[in-house]
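Engineer: Structure for this input, please:
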Amino acid sequence: VRAGQPDVGSGVVAWETVPDRGLLHYAAFGGPMKHIVLGGLALLASAAFAQGAPIKIGEINSYSTMPQFTQPYKQGWQLAVDEVNAAGGLLGRKVEVIARDDAGKPEEALRHAVELTSKEKVDVLAGGFLSNVGLALADHAAKNQRLFVASEPLTDAIVWDKGNRYTFRLRPSTYMQAAMLVEEAAKLPAKRWATIAPNYEYGQSAVASFKELLKAKRPDVEFVGEQWPALGKIDAGSTLTAIMASKPDAIFNVTFAADLAKLVREGNQRGVFPKVPVVSMLSGEPEYLEVLKDETPKGWIVTGYPWDQIDTKAHASFAANYYKRFNENPKVGSVVGYATMQAIFEAIRKAKSTDNEKLVAALRGLKFSTPFGPAEFRAVDHQATMGAYVGKLDQRGGKGTMSQWRYADGKDYLPTDAYVKARRPEEARK
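Structural biologist: Here you go, the predicted model:
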């Protein structure tokens with residue numbers, strides 16, 4: 001029924017989704033007439049698509065190196081593409097996504113970006129997971145005047161210090177998530193803080209923002225220790241030994257994925273957690289809680305995604321459709337993949353074109369929908385206002401979860417225009 005699943009090796013993703021919907025309705029309502037009518041609609045949609053070449057989106061991501069995030073992410077954008085094509089596409093044209101695996105390497109991402117723009121003639125570039133990869137793609141976008149919608153790279157530099165006219169970023173940045181966490185961290189009695197973060201752009205940016213914002217709220221705090229393990233290569237034992245030697249009152253953690261699991265396990269065994277309070281970026285995301293399971297450290301203050309507790313209409317609809325399509329519950333990656341495509345689709349509708357200059361103009365100030373609620377790309381720095389959930393880690397049924405959470409709307413955690421203009425190149429604001 002569906003023509004194919006995405007083949008990251010070949011990179012080509014073709015979607016034939018209307019027949020899928022036809023069978024869904026046929027099964028639901030049990031009548032051949034329904035199937036015939038929907039089959040007719042599918043033929044009409046195919047005829048409409050035939051009038052113009054497909055709109056192509058080139059998607060570059062760390063599919064092989066960060067599958068716990070990028071697999072749900074891929075499924076999220078698949079769902080969005082399915083839905084838009086079932087509704088007739090965009091500008092009377094079918095949407096196709098051509099995906100490439102950057103293997104977590106900037107040089108691979110750049111190679112794919114060149115191939116996608118020159119050979120495949122994609123209309124838009126999107127994606128990125130690691131911040132250093134995202135910066136490489138943003139640089140490519142600036143030099144080649146090609147639109148790049150960065151979905152996941154969190155470094156502040158991508159929209160500020162190294163921002164450019166052609167790059168927009170979806171997820172809340174390290175500054176935004178640090179601001180969300182500092183709001184809670186400042187309430188702790190802790191005065192002596194230590195930090196643990198991966199030694200690359202994302203970790204460095206997160207720690208810098210956390211320090212800046214916490215010191216602004218609590219001038220009495222001091223940072224007494226830092227550990228910078230290489231991404232994916234943490235020696236949790238030596239890291240914690242060094243951190244605890246500085247006698248911190250609290251720890252700010254930025255590690256994730258396998259590094260986070262190793263750190264938590266070592267800290268639990270040593271009795272460091274939950275004795276020492278921890279504020280941690282991303283650690284409440286299902287991608288990582290599924291790995292931690294009953295080792296999830298209770299009480300950590302985190303950003304994350306309590307998917308099973310959100311009861312808004314927008315999220316309920318997304319979660320139900322996602323489960324129906326993939327037979328699993330959504331993760332943060334799912335939301336990011338879906339919202340990235342929704343933003344691109346809305347920009348194309350607004351611009352009534354796939355011309356890059358018209359899309360840049362459309363994206364500045366663009367309002368669009370996400371499973372978390374409405375969001376907007378700020379014209380001043382191309383940062384979206386999509387937020388995150390802030391709460392505490394807990395366990396339920398031997399599994400990690402979030403409790404005492406709230407939704408932190410991204411627009412409330414962004415700096416002033418004056419702050420942005422002091423950091424963002426003037427050329428990027430033209």
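Engineer: For the closest residue to Thr370 other than its chain neighbours, give me phi and psi.
Structural biologist: Nearest residue to Thr370, sequence neighbours excluded (CB to CB, 6 or more residues apart in numbering): Ala339, at 4.0 Å. Every residue, glycine included, has its C-beta placed from N, CA and C. The phi/psi pair for Ala339 (degrees, to the nearest 10) reads phi -70, psi -30.
Engineer: What about Ala339, how many residues nearby?
Structural biologist: For Ala339, the neighbour count with other CB atoms under 10 Å is 25.
Engineer: Report the contact partners of it.
Structural biologist: Gly76, Leu170, Phe368, Thr370, Pro371, Phe372, Ala375, Met386 (CB atoms under 8 Å, 6 or more residues apart in numbering).
Engineer: Helix, strand or coil: sort out the residue lying closest to the last one once chain neighbours are set aside for me.
Structural biologist: It stands for Met386. What sits nearest to Met386 in space, not counting adjacent residues and going by CB to CB, 6+ apart, is Ala375, at 4.2 Å. Of the three states, Ala375 takes strand under DSSP: H, G, I helix; E, B strand; the rest coil.
Engineer: wait, what's in contact with the most centrally placed residue in the chain?
Structural biologist: For the chain, the residue nearest the mean C-alpha position is Glu152 (3.7 Å; CA atoms, centre = their mean). Glu152 sits next to Asn61, Phe69, Tyr73, Gly127, Gly128, Phe129, Gly134, Leu170, Arg171, Gly333, Val336 when contact means CB under 8 Å, 6+ apart.
Engineer: which of those residues tops the neighbour count?
Structural biologist: Gly127 (34 neighbours).
Engineer: quick check, nearest of the contacts of Ala339 to Trp228?
Structural biologist: Leu170 (27.0 Å; CB to CB).
Engineer: How about the backbone phi and psi for that closest one?
Structural biologist: phi -90, psi -60.
Engineer: give me every residue that touches it.
Structural biologist: Val149, Ala150, Ser151, Glu152, Val336, Ala339, Thr340, Ala343, Ala384, Met386.
Engineer: 7 Å - rerun?
Structural biologist: Residues near Leu170 by CB atoms under 7 Å, 6 or more residues apart in numbering: Val149, Ala150, Ser151, Val336, Ala339, Thr340, Ala343, Ala384, Met386.
Engineer: go on, Ala408?
Structural biologist: Taking CB under 7 Å, 6+ apart, one finds Met180, Gly387, Ala388, Val390 in contact with Ala408.
Engineer: how about those residues in a markdown table, adding neighbour count and distance to Tyr166?
Structural biologist: Converted to a markdown table, the contacts of Ala408 look like this (neighbours: other CB atoms under 10 Å; distance: CB to CB, whole Å):
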| residue | neighbour count | distance to Tyr166 |
| --- | --- | --- |
| Met180 | 26 | 28 |
| Gly387 | 24 | 25 |
| Ala388 | 25 | 26 |
| Val390 | 22 | 32 |
